[in-house]
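Participant: model this:
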Amino acid sequence: MEGGVQVSNTPDIHIFAHGTEDNPREHRIATLSNDLPEACKIQEMKLKQKINGGETLTFSVPAHHPEAGFVMRGYWAVFKDLDGSFRAFVIQEETERHNQGEMVREACCEELAVVELNDEIVEDVRPRNTNVRDALNRLLEDSQWVAGTVDDLGTGSANFYYENRMSGIKKIIEEWGGEIRFRVDIEANNTITGRYVDVLAQRGRRTGKRFEYSKDLTSVERITDMKPIKTALYGRGKGEETDSGGYGRRLTFADVEWSEGDGDPVDKPKGQEWVGDPDALATWGHVNPDGTRRHRFGVYTNEQQEDAAQLLQETWEELKRQRQPEITYKMDVLDLEQVNAGEYSHEAVRLGDTVAVIDRNFAWDVQIEARVSEIERDFIAPENTRITLGNVLKDITGVVREIQDRVEEKIGRDDPIGWLRGIIDAARSEFHSQNGYVYITDEDGILITNRPRDNIDNPPDQAMQLKHGGLAIAGSRNPDGTFNWETFVLGDQVIADRINTGRIRTDNVTVGDDSGMVRISGGNVVIKGGGLEVYSTPDASDNGVMIRGNKISTNFIKNGDFDNQPSGDEAIDWRYMGTAHYNSSGRRIDIDVSPDMGPQHGVVQEFPVFNERATFQALFRCNITRGSATNRVRFYWFFYDSETGGRFDELEYVEELALYQDWHLLTRTIDFPPGTVRARLYVQAWTDGQTMDDGFEIHWVRGYYDEMVRQDQLLEYPRDLHSVQAAPEIQQFSIFITLTKDLGTETYSAGNMYFPRVFSDPGSLGRIAVVLTGVDGWSPYYNYGAYNISRSGFELKIKPRGTALSAGTELSLNGIAYRVGYLGSTGGSI
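Facilitator: Predicted structure coming up:
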């Protein structure tokens, strides 16, 4: 725009801090902007959205800018989306990396609503025969979140019993339908004043937007998934209450009859507990040997449904969703709205929109109409925006931590020493105790299941299938009822999610791919794209060694993450000092504070010293928020020249925290005084301000050596392709000869010359080589050479060049001898 200021389409990101005692509301502390002249610039910004799937925000800023320090884990990142609504995210991870010569600070964020509602428990709420707004209000009662825009989705019932509120929102979507959206309100005083949960019948609009190749569609990928297809479904409702107060067999619609002649969608006779679609059967049904087709069955369950006729209708509606293959289109598109919002506002695309896609460059013409189910929007580079079209899963995947909780319940922290034998014994017992049910068809080959396939109440969840191409094994079912095939034995390979074995015998083991790989071959271990960490304890709590690139880092601080309660003995791990104590729930050290308390509060540990230099780090958190107290943290070292006693030096390093600063990383590299064999490290914090329990927290302590690999270390390990040492041994020497007689033009032996030390054996492929250089004034007048070379020396021979050398002449030669691992050969012709 001529004469104006160019404004970017990247939204400002407002950083909010937590409330304090003086300012209890969350409040803005910084604004990251590409439009404000002095603001910290946003270098990358991407928003990933998925219908009912949670949203994530990632962004990066230059680390050198003063306000980049506010991009901290736990703070909030709030921005205004393309529709003018404020979206709030919690910074869950923040890292720094080099990018084209400058340090960049990156943040990964999760929606504020997901973080907060996942951590709040509803004890017992049971909305009955009510609308979705009432159910949502009861679910969110006593939380900071309230129902916002809520569409009319009919009536339903649900149970929320000792589960988090996010899990309850999932149940609301399953019962009433609809799609979730979270948003917040911000007042002019830069505080967040409202948190809202919207439940919409359907997000997005039918905009008429068309993605066309060569205009705004740069690539398109079509994915067809046949696994979810079902041509018939059984319906299961609420269990029948028994005299004892429990629940027995579930409600079915066996007594309900449907007839196409009466206007019903399909025929369903009385006594039949399932409803099928004849058209879907003809298209997608399994083929029998006689050419007829049989249904692909599934089960629909509504634990709250008590009406058989309504259950049949619900089951039919679910079947309509499952009777077609799931077709998804993933596309890279140019976000024209972001390129020029004024000129291309009609090109806007939002989550849930129904759009058209046209691409006639495929093997088939792509002309589809579908909803936008996912968007990965790049605010900095709109040409990198990626959208996904297709069937939308109803589950709120990725936001409810149910899977993680179940895994943690089933996997313990420590495996016994004889873990493999225990696995074998348990597998043998389970294997021999189970029955097998065998089915043989042309389509499925030989199928063996652990329970009968027609067992609706308790269907099989383990199976083995044998076909001409190989063997497939499933240990569970997918949510859609199909077997989860994860182990395959094919003609040339075995594919498995996990293999337990006692020994692998092979000449080549490769783990990973080109981006990160470990290869074991011929006795050598090659690591690409990573490093090697070695610990002597199962929980990695001891001193560890890390080899990465050409550096070896050694962590010598024991129990540095406070995963285990300190023993109280500084020789074992940590001893408490002053008011310091262990916080078992947070796995950290807390320090109670009081005015003029002094620095003698924290933890101390002893360790042996093996290097000249080390780097120490400790992460502190200060919870003191009032007044102008001076808060300090420090390292203090005692140095000893013997294993018992012998303290001969000490060193202190103190840093003062800025006013209202909470997190602080204390880092210091020191040179140990010469003669140090062991040291004692004090990690401490103190204040001259108020009295407060747990005023300081110590979250972890590190101590490590970081040194270049030495030449003698390289000589021990590198090997060339001939499996001998590639690094040569080199020796230098000088030779002085005084002639005792006149030399003519013959060749004379000067005797045996010996190397300063004997070379290592070069093996059958190697040799010792000698290079001689004359350094006296006579060197142009004679030739010289090394003969009969061995590991200890060689014979020196001299031949004058046509000019006799007189007795008494002094000759001087410099020599280099080296050992090479193998001989190469080349040739030519003249």
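Participant: buried sites along the helix or strand Leu772 falls within?
Facilitator: Under the criterion of DSSP states H and E, Leu772 resides in strand 767-774. By 16 or more other C-beta atoms under 10 Å, the buried positions in strand 767-774 come out as Ile768, Val770, Leu772, Gly774. Backbone N, C-alpha and C define where each C-beta goes, glycine included.
Participant: need those residues in TSV (columns: pLDDT).
Facilitator: Formatted as TSV, those follow (pLDDT from 0 to 100):
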residue	pLDDT
Ile768	86
Val770	90
Leu772	90
Gly774	87
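Participant: what's the farthest-apart pair in those residues?
Facilitator: Spatial extent of these (C-beta to C-beta) is set by the pair Ile768 and Gly774 at 20.9 Å.
Participant: please compute how far the helix or strand harbouring His581 lies from its chain's middle.
Facilitator: Using DSSP H and E, His581 sits within strand 580-583. Centroid separation for strand 580-583 versus its chain: 31 Å, with C-alpha atoms, centre = their mean, to the nearest Å.
Participant: can you list the strands that it pairs with?
Facilitator: Looking at strand 580-583 with DSSP bridges, its partner strands are strand 588-593 (antiparallel).
Participant: identify the residues contacting the strand it pairs with?
Facilitator: Identification of contacts with strand 588-593 by C-beta atoms under 8 Å, 6 or more residues apart in numbering yields 562, 566, 574, 576, 578-583, 601-603, 624, 685-687, 689-700.
Participant: Provide a PyMOL selection command restricted to the buried entries of the residues you listed.
Facilitator: Here is the PyMOL selection string for the buried members of these, based on 16+ other C-beta under 10 Å:
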select buried, resi 562+566+574+576+578+579+580+582+601+602+603+624+685+686+687+689+692+694+695+696+697+698+699+700
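Participant: which ones among the contacts of strand 588-593 lie within strands?
Facilitator: Taking DSSP state E, the ones among those that sit in strands are 576, 580-583, 602-603, 685-687, 692-700.
Participant: geometric centre of the chain: which residue is closest?
Facilitator: Against the mean C-alpha coordinate of the chain, by C-alpha atoms, centre = their mean, the closest residue is Glu93 at 11.2 Å.
Participant: give the buried residues for the host helix or strand of that one.
Facilitator: Here Glu93 sits within strand 86-99, counting by DSSP H and E. The neighbour-count check on strand 86-99 (16+ other C-beta under 10 Å) flags Phe86, Arg87, Ala88, Phe89, Val90, Ile91, Glu94 as buried.
Participant: list the residues that contact the closest residue to the third one other than its chain neighbours.
Facilitator: Excluding the flanking residues, the one nearest Ala88 by C-beta to C-beta, 6 or more residues apart in numbering is Leu112, at 4.0 Å. Contacts for Leu112 (C-beta under 8 Å, 6+ apart) come out as Trp76, Ala88, Phe89, Val90, Phe182, Val184, Arg195.
Participant: now Leu112: how far from Arg621?
Facilitator: For Leu112, the distance to Arg621 equals 21 Å [C-beta to C-beta, to the nearest Å].
Participant: which parts of the chain are helices?
Facilitator: Counting by DSSP state H, residue ranges of the helices within the chain are 112-118, 132-140, 165-176, 278-284, 308-322, 336-339, 402-410, 419-433, 711-716.
Participant: as CSV, could you dump the C-alpha coordinates of the third one?
Facilitator: In this case it means helix 165-176. Extracted C-alpha coordinates of helix 165-176, given in CSV (Å, rounded to 0.1, in the frame of the first residue of the first chain):
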residue,chain,number,x,y,z
ARG,A,165,-14.2,-32.8,33.1
MET,A,166,-12.6,-33.4,29.7
SER,A,167,-13.7,-37.0,29.8
GLY,A,168,-17.2,-35.7,30.6
ILE,A,169,-17.1,-33.5,27.5
LYS,A,170,-16.3,-36.5,25.5
LYS,A,171,-19.4,-38.3,26.9
ILE,A,172,-21.5,-35.3,26.0
ILE,A,173,-20.4,-35.4,22.4
GLU,A,174,-21.1,-39.2,22.3
GLU,A,175,-24.6,-38.7,23.7
TRP,A,176,-25.8,-35.5,22.2
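Participant: how far away from the center of its chain is that helix?
Facilitator: Centre-to-centre, helix 165-176 and its host chain are 28 Å apart (C-alpha atoms, centre = their mean).
Participant: for the remainder of this discussion, apply numbering that starts at 27.
Facilitator: Understood, numbering begins at 27; the last thing we discussed is helix 191-202.
Participant: could you check the angle helix 158-166 makes with it?
Facilitator: 160 degrees (axes from the mean of the first three to the mean of the last three C-alpha atoms, to 10 degrees).
Participant: ok, the residue nearest to the centre of the chain touching Gly100?
Facilitator: No - counting by C-beta atoms under 8 Å, Glu119 does not reach Gly100; the two are 10.6 Å apart.
Participant: show the average pLDDT along stretch 401-415.
Facilitator: Across stretch 401-415, pLDDT averages out at 84.
Participant: also stretch 278-291?
Facilitator: For stretch 278-291, mean pLDDT rounds to 94.
Participant: again with stretch 115-128
Facilitator: Across stretch 115-128, the average pLDDT comes to 87.
Participant: tell me which helix or strand in this protein has the weakest average pLDDT.
Facilitator: Using mean pLDDT, DSSP states H and E, the weakest-scoring helix or strand in the chain turns out to be helix 428-436, at a mean of 38.
Participant: all strands of the stretch 477-626 of the chain, in order?
Facilitator: Counting by DSSP state E, counting those that start in this stretch, the stretch 477-626 of the chain has these strands, from start to end: 489-493, 496-503, 509-516, 520-521, 534-539, 542-547, 550-554, 558-560, 570-574, 577-581, 601-603, 606-609, 614-619.
Participant: so where's the stretch 227-376 of the chain shaky on pLDDT?
Facilitator: Regions of the stretch 227-376 of the chain meeting the criterion pLDDT under 70 cover residues 237-246, 248-253, 266-274, 353-355, 357-373.
Participant: which parts of it are strands?
Facilitator: 232-238, 243-251, 258-262, 265-267, 273-276, 300-302, 312-313, 319-320, 323-327, 352-359.
Participant: isn't Phe514 right next to Ala500, touching?
Facilitator: No - using C-beta under 8 Å, Phe514 is not in contact with Ala500, being 10.4 Å away.
Participant: tell me which of those two has more neighbours.
Facilitator: Neighbour totals were compared for Phe514 and Ala500, and Ala500 leads with 19 against 15 (other C-beta atoms under 10 Å).
Participant: list the contacts for the residue nearest to that one when sequence neighbours are not counted?
Facilitator: With sequence-adjacent residues excluded and distances taken as C-beta to C-beta, 6+ apart, Ala500 is closest to Phe509, at 3.8 Å. By C-beta under 8 Å, 6+ apart, the contact set of Phe509 is Ala489, Gln491, Ala500, Ser502, Arg503.
Participant: do you know how far Phe509 is from Asn185?
Facilitator: From Phe509 over to Asn185 the distance is 30 Å, taken as C-beta to C-beta.
Participant: what of Val659?
Facilitator: Relative to Asn185, and taking C-beta to C-beta, Val659 is found at 50 Å.
Participant: same question, Ile583
Facilitator: 49 Å.
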